[in-house]
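[1] next comes the sequence, and after it the predicted model I'd like to discuss.
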Amino acid sequence: MDRLRQRADFLAVANGARANGKAFVLQGRRRDDDGPVRVGFTVTKKNGTATERNRIRRRLRELVKRLDVISMRPHHDYVLVGRRAALCCDFATMLEDLRAALHRLDRSPPRMGSTKAPATRIE
């Protein structure tokens, strides 16, 4: 399992399917290459100070480490977006939420980009 580090990869995953949880939002998308599963972690500044954000990120990384590899699909990218509730949630509950979120992502159809037609002026 590899880590996502490039901003472009995070943006590409943001256009994929998502599953909301109490402590995090899980985003995922299928890649067209034969690479391993890649996982990224992000926590926004509105979730607290740098110390709190780092604690959230560490808890999310530990969740993925303890998760059985079978739960994650090969050739997929995943991003865990941490929420402030991750600081006080029970770890076992968060692990079950992650398993359930991965299961929901498997069932959901992929999200498409904006389907809005371009605006045309009629005079």
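    Perfect, thanks for sending it.

[2] now the strands for the protein?
    Secondary structure of the chain (DSSP state E): strands located at 2-3, 17-20, 24-30, 38-43, 76-82.

[3] how far off centre is the shortest one?
    Meaning strand 2-3. Chain-centre distance of strand 2-3: 13 Å, with C-alpha atoms, centre = their mean, to the nearest Å.

[4] count residues in the vicinity of residue 83, would you?
    As a burial measure, residue 83 scores 20 neighbours (other C-beta atoms under 10 Å). Yep, even glycine has a C-beta here, placed from its N, CA and C like the rest.

[5] how near is it to residue 43?
    Note on residue 83: its distance to residue 43, by C-beta to C-beta, to the nearest Å, is 8 Å.

[6] ranking the strands of the chain by burial, who's on top?
    Of all the strands of the chain, strand 76-82 has the most neighbours on average by mean count of other C-beta atoms under 10 Å, namely a mean of 23.

[7] ok, back up a step: show me whatever sits in contact with both of residue 83 and residue 43.
    Residues touching both residue 83 and residue 43 (C-beta atoms under 8 Å, 6 or more residues apart in numbering) are residue 56.

[8] ok, residue 43 touching residue 79?
    No - assessed by C-beta atoms under 8 Å, residue 43 is found out of contact with residue 79, at 11.2 Å.

[9] which parts of stretch 84-104 are buried?
    Residues of stretch 84-104 classed as buried: 84, 86, 89, 94, 97-98, 101-102, 104 (neighbour count, 16 or more other C-beta atoms under 10 Å).

[10] let's see it as PDB, backbone CA atoms only.
    Taking Å, rounded to 0.1, in the frame of the first residue of the first chain, the C-alpha atoms of stretch 84-104 are listed here in PDB:
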ATOM      1  CA  ARG A  84     -12.900  16.900  14.500                       C
ATOM      2  CA  ALA A  85     -15.000  14.000  15.900                       C
ATOM      3  CA  ALA A  86     -12.000  11.700  15.200                       C
ATOM      4  CA  LEU A  87     -10.400  13.100  18.300                       C
ATOM      5  CA  CYS A  88     -13.000  11.700  20.700                       C
ATOM      6  CA  CYS A  89     -14.500   8.700  18.800                       C
ATOM      7  CA  ASP A  90     -13.800   5.200  20.100                       C
ATOM      8  CA  PHE A  91     -11.100   3.600  17.900                       C
ATOM      9  CA  ALA A  92     -13.000   0.300  17.400                       C
ATOM     10  CA  THR A  93     -16.100   2.200  16.300                       C
ATOM     11  CA  MET A  94     -14.000   4.200  13.800                       C
ATOM     12  CA  LEU A  95     -12.600   1.000  12.400                       C
ATOM     13  CA  GLU A  96     -16.100  -0.500  11.800                       C
ATOM     14  CA  ASP A  97     -17.100   2.800  10.200                       C
ATOM     15  CA  LEU A  98     -14.200   2.600   7.800                       C
ATOM     16  CA  ARG A  99     -15.100  -1.000   6.900                       C
ATOM     17  CA  ALA A 100     -18.700   0.100   6.300                       C
ATOM     18  CA  ALA A 101     -17.700   3.100   4.300                       C
ATOM     19  CA  LEU A 102     -15.500   0.900   2.000                       C
ATOM     20  CA  HIS A 103     -18.400  -1.400   1.500                       C
ATOM     21  CA  ARG A 104     -20.600   1.600   0.600                       C
END
